[in-house]
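Visitor: quick one, structure for this:
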Amino acid sequence: MFPFESVAYAQAGGAEANPFVSFVPLILIVVVFWFFLIRPQQKRQKEHQKMISELGKGDRIVTTGGLFGTITKIGEDRMTVEIADKVRVQIERGQVSRLDKEAADKSKDDSDDEKESLPKGVTKG
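Guide: Now for the predicted structure:
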């Protein structure tokens, strides 16, 4: 009546598998998560902490709230940021998301323009 009944009995019997073999997929998943999720996040966090520790007066920043501004005063755990003419706010150092890329690119382009305008071998000084 059931043509596959003998096959089902044959598969059910047999020796037990090694318990270590059943943990191999779990170990592989942990390794993959470590290399693709946890490790890169730790690297980004370390770079962010380094960037925050190197901030100084005059740096153009972007806060986590999206405000663009220039650091006017910096303390141990907070800083004063000028977000418009005569508009200053105090924020925590950890609330700095990144340095303003456009300001950094402009200053880099300005210094490149100065180098190009001077004759070769002549330095500004």
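
Visitor: what ranges do the helices span in this structure?
Guide: Here the chain has its helices, by DSSP state H, at 5-12, 19-33, 39-53, 101-117.

Visitor: now the first one: mean pLDDT?
Guide: Just to be clear, that refers to helix 5-12. Across helix 5-12, pLDDT averages out at 54.

Visitor: same question for stretch 91-107.
Guide: Average pLDDT, stretch 91-107: 84.

Visitor: now do that stretch: everything it contacts.
Guide: Applying Cβ atoms under 8 Å, 6 or more residues apart in numbering, the contact partners of stretch 91-107 are 51-52, 55, 59-65, 68, 74, 77-79, 81. Heads up, the C-betas are built off the backbone N, CA and C, glycines and all.

Visitor: buried set for that stretch?
Guide: Across stretch 91-107, burial judged by 16 or more other Cβ atoms under 10 Å covers 91, 96, 100.

Visitor: how about stretch 68-81?
Guide: Of all the residues in stretch 68-81, those buried under the rule 16+ other Cβ under 10 Å are 69, 70, 71, 79, 80, 81.

Visitor: right, and the third one touches residue 83 too?
Guide: In other words, residue 71. No - applying Cβ atoms under 8 Å as the test, residue 71 and residue 83 come out as separate, 10.9 Å apart.

Visitor: if we can go back for a sec, and the two most separated of the contacts of stretch 91-107?
Guide: 68 and 77 (21.6 Å; Cβ to Cβ).

Visitor: kindly state the domain boundaries assigned to this protein.
Guide: 18-54, 56-119 (automatic domain parsing).

Visitor: lowest mean pLDDT across those, which one is that?
Guide: Mean pLDDT values for these show the minimum at domain 56-119, a mean of 84.

Visitor: what sits against residue 63?
Guide: The contact partners of residue 63, by Cβ under 8 Å, 6+ apart, come to 69, 81, 91, 95, 96, 97.

Visitor: now do 10 Å
Guide: Residues in contact with residue 63, defined by Cβ atoms under 10 Å, 6 or more residues apart in numbering, are 69, 81, 83, 89, 91, 92, 95, 96, 97, 98.
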